[in-house]
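S.K.: Fold the following for me, if possible:
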Amino acid sequence: MRSRVVVTYLALLCAATALSPPARADEPSTKADADARERSRVAFRKGVAQLRAQDWTAARASFEAAHALYPHPSILLNLGIARLRTDEPVLAEQDLVRFLSEDVGASADELAGAREALAEARTKIGTLRIVVSPPSSRVVVDGKAVETVRRADPGGGQAARGQDVIAEVRTKPGFHAVAVDAEGFTTERREVQVSARGEAQVTISLGRADVAKAHVETGPHPRAIVGWSLAGLAGAALVTGGITALRAKTLSDEYGDPASAHFQEGSARSEGITFRTAADVALSVAVLSGAVAAVLLLTDLGKGSSDVARSATLRW
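M.R.: Residues are numbered from 1 along each chain as shown. I've put the predicted structure just below:
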């Protein structure tokens, strides 16, 4: 079922078929200009027929061709309708706004129909506002570069005291990929959701790339991380070994003491052997881990070869 706005437009187009696009009063009457205007009229009339048949995609292509040949603002009304019906509300909004502001010869009915279509288009569009710093930032939304501007804040000053710029994008509802970069700064990427008739704002402040690089370069070396980890393991194993050795000694004394309740008891002997074995293993781990930790933390073993390999990689 066609909406009321489409019916209004089709009626207007039927009346305008023989007249649009009109000639400009100040246009040079050269053969080339006349030929372009005539070919524009042919494409326009073809688009009208396609619009009547609700072949929106074909009609859009015909009106685009007509406007490219002879960019009269009257064509924008029809192009805006076609784009609205092919799910391009942002472009439709642009076309209809231009029609309303540029076509001074439009009739009252045409203006009313354009306003009706514009209102419909705006129900399918939201606004994405991106506040970024530094001012030299480049903003890309969904893979397309977006122009940034300085804008005065409600208090009358520049946005964020002149340190920020703002990019505003009219877009269809849904999630949109935002990327911001600037020379000498890190790159930030965000995903922002925009709702129909709504406004979504994201603020992005880029960090300096040299600061981030310095932070990485001054971070702990992997050798130190591994060395201190092994040192901790050695300490834990040493404590465990001491505790299990002490328990093994206690069970051994009770096993050989006639006054003890565990004198010559098989379970005491078995438990003592278990603790003694655990103590031996823990102490061995402590010694081995401590030795490796000392090598990593107190010597340069392996460091030179790593630096050579890194240098070779950079030269390559």
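S.K.: how about low-confidence regions in this protein?
M.R.: Low-confidence regions of the chain, defined by pLDDT under 70, span residues 1-29, 151-163, 211-221, 261-263, 268, 300-316.
S.K.: can you list the domains in it?
M.R.: 4-122, 126-208, 220-315 (automatic domain parsing).
S.K.: ok now the longest one, how far from the chain's centre?
M.R.: Once both centres are worked out by CA atoms, centre = their mean, to the nearest Å, domain 4-122 turns out to sit 36 Å from its chain's centre.
S.K.: Then stretch 252-267?
M.R.: Between the centre of stretch 252-267 and the centre of its host chain there is 72 Å, according to CA atoms, centre = their mean.
S.K.: export the domains of the chain to JSON lines and tack on mean neighbour count?
M.R.: Glycine gets a C-beta too; all of them are placed from N, C-alpha and C. Putting the domains of the chain into JSON lines (neighbours: other CB atoms under 10 Å) gives the following:
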{"stretch": "domain 4-122", "mean neighbour count": "18"}
{"stretch": "domain 126-208", "mean neighbour count": "15"}
{"stretch": "domain 220-315", "mean neighbour count": "14"}
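S.K.: Make sure Val202 is indeed in a strand.
M.R.: Yes - secondary structure of Val202, determined by DSSP: H, G, I helix; E, B strand; the rest coil: located in a strand.
S.K.: so what's the closest residue to it other than its chain neighbours up against?
M.R.: With CB to CB, 6 or more residues apart in numbering as the measure, Val192 is the residue that lies nearest to Val202, at 5.1 Å, once sequence neighbours are left out. With contact set as CB atoms under 8 Å, 6 or more residues apart in numbering, Val192 has these partners: Leu128, Phe175, His176, Val178, Ala200, Val202.
S.K.: Can you pull the phi and psi angles for Arg170?
M.R.: Geometry field for Arg170 lists phi and psi as phi -90, psi 130, criterion degrees, to the nearest 10.
S.K.: Am I right that it is in contact with Thr127?
M.R.: Yes - A contact is recorded between Arg170 and Thr127 when judged using CB atoms under 8 Å, the distance being 5.9 Å.
S.K.: Could you pull out the helices in the stretch 101-250 of the chain for me?
M.R.: Residue ranges of the helices in the stretch 101-250 of the chain, as given by DSSP state H, counting those that start in this stretch, are 108-122, 209-217, 222-256.
S.K.: Output those helices as a markdown table; include the columns distance to Phe185.
M.R.: What follows is those, written out as a markdown table (distance: least, CB to CB, whole Å):
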| stretch | distance to Phe185 |
| --- | --- |
| helix 108-122 | 35 |
| helix 209-217 | 6 |
| helix 222-256 | 28 |
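S.K.: Stretch 178-194: how far from the chain's middle?
M.R.: 7 Å.
S.K.: now the end-to-end length of it.
M.R.: Taking CA to CA, to the nearest Å, the span from the opening residue of stretch 178-194 to its closing residue is 12 Å.
S.K.: before we move on, what about stretch 97-108?
M.R.: Terminal residues of stretch 97-108 lie 15 Å apart, using CA to CA.
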